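Novice: next one to model:
(one chain, ligands or ions: 1)
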Amino acid sequence: MITSPAPCVIAIDGPAASGKSSVARALARRLGFAYVNSGAFYRVATACVLARGIDPTDADAVAAALGGAEVIAGLRAENGGESFLQLDGHAPTEEALRAAAVNAGVSAVASVPAVRALLTARLRALAEETAPASGFPGTVMEGRDIGSAVFPHTPFKFYIDASAEVRAQRRAAQGGGQDEIAARDRTDSTRRASPLLIAEDAHVIDSSRLTIDGVVGEIIGRLKLKGFAIAS
Ligand code: C5P
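Specialist: Below is the predicted model of the structure:
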């Protein structure tokens, strides 16, 4: 039983490799919520741009290419309610979304206002319409601007951080293509359109010395203080 305003969204933001995806997925499973990985959406957009031979730093070409794209977004019931996105029929594998070229281009693509507008509308629809229609009592959504721009009115905002060393270690352990996380963080934090920042009312957790369960436990403790009724 959960008491919260509708739609119930738990926003989890933070820099690259801070551990927020593992935490957000585990939290969603624990609560029986849908899980939306908004970073994957920006990665799909980037893979789509690259597949068309467009330079990710050419903002006008990126906006023109994605502006007319056919967008299909949803939640996979068979996968515990995890989000997916298809753009113009492109549904890259997890591995393809972690390729070096996507890592290198995604922050540029994500800084284009038209791309943010397109994806933000889809992210909102997932939590406001798709999740309730699919029987989920709420949504855990992770990214960079969920608490500050996508769902600024949700009372449940968390910002997960970790030291630069720990984040570099975590990313190396995850494999995938080369990923200059410091450069991505710099671009994400300094862009004009909804940059990565700590929302004023977000609860900040430094996950450097915590396990995934430890961070989930801290979030659940905080949610209970804010009026969430959580069964176990
Ligand atoms: O979370 P992940 O590291 O996969 O995100 C990839 C990139 O997507 C980020 O570096 C950022 O440029 C972009 N992003 C964003 N806004 C979000 C989520 C991700 O700009 N809400």
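
Novice: in a helix, residue 12, correct?
Specialist: No - counting by DSSP: H, G, I helix; E, B strand; the rest coil, residue 12 is not part of a helix but strand.

Novice: and it, how many neighbours?
Specialist: Using other CB atoms under 10 Å, residue 12 has 28 neighbouring residues. To be clear about C-beta, it is placed using only N, CA and C from the backbone, and glycine gets the same treatment.

Novice: end to end, how far does stretch 45-62 reach?
Specialist: 9 Å (CA to CA, to the nearest Å).

Novice: show residues contacting it.
Specialist: 65-66, 69, 87-88, 90, 92, 96-97, 99, 101-102, 104-106, 108-112, 114-115, 119 (CB atoms under 8 Å, 6 or more residues apart in numbering).

Novice: cutoff 7 Å now
Specialist: Contact with stretch 45-62 is made by 65-66, 69, 87-88, 90, 92, 96-97, 101-102, 105-106, 108-109, 112, 115, 119, as judged by CB atoms under 7 Å, 6 or more residues apart in numbering.

Novice: report the buried members of those.
Specialist: By neighbour count, with 16 or more other CB atoms under 10 Å, these hold 65-66, 69, 87, 90, 92, 96-97, 102, 105-106, 108-109, 112, 115, 119 as buried.

Novice: of those, which belong to strands?
Specialist: residue 87 (DSSP state E).

Novice: so which of the buried ones among the contacts of stretch 45-62 also contact the ligand?
Specialist: residue 106 (CB under 6 Å from any ligand atom).

Novice: using pLDDT, spot the least trustworthy of the buried ones among the contacts of stretch 45-62.
Specialist: Among those, residue 90 carries the weakest pLDDT, at 85.

Novice: that one pairs with what?
Specialist: residue 87 (DSSP bridges).

Novice: distance of it from residue 27?
Specialist: Applying CB to CB, to the nearest Å, the value for residue 90 to residue 27 is 29 Å.

Novice: for residue 67, give me its contacts.
Specialist: So residue 67 contacts residue 114 (CB under 7 Å, 6+ apart).

Novice: which residues of the protein score low on pLDDT?
Specialist: For the chain, the stretches flagged by pLDDT under 70 are 1-5, 231-232.

Novice: show me what from it comes close to the ligand.
Specialist: Counting by CB under 6 Å from any ligand atom, the chain sits next to the ligand at 16, 38-39, 42-43, 106-107, 110, 143-146, 184, 188.

Novice: neighbours around residue 36, how many?
Specialist: 31.

Novice: the closest residue in space to residue 148 that isn't next to it in sequence: what secondary structure?
Specialist: Distances taken as CB to CB, 6 or more residues apart in numbering place residue 199 nearest to residue 148, at 4.5 Å, with adjacent residues excluded. Secondary structure, three-state DSSP: residue 199 is coil.

Novice: ok, which stretches of the protein are helices?
Specialist: If you assign secondary structure with DSSP state H, the helices in the chain sit at 20-31, 38-51, 59-67, 94-97, 100-110, 113-125, 131-133, 164-174, 181-190, 212-225.
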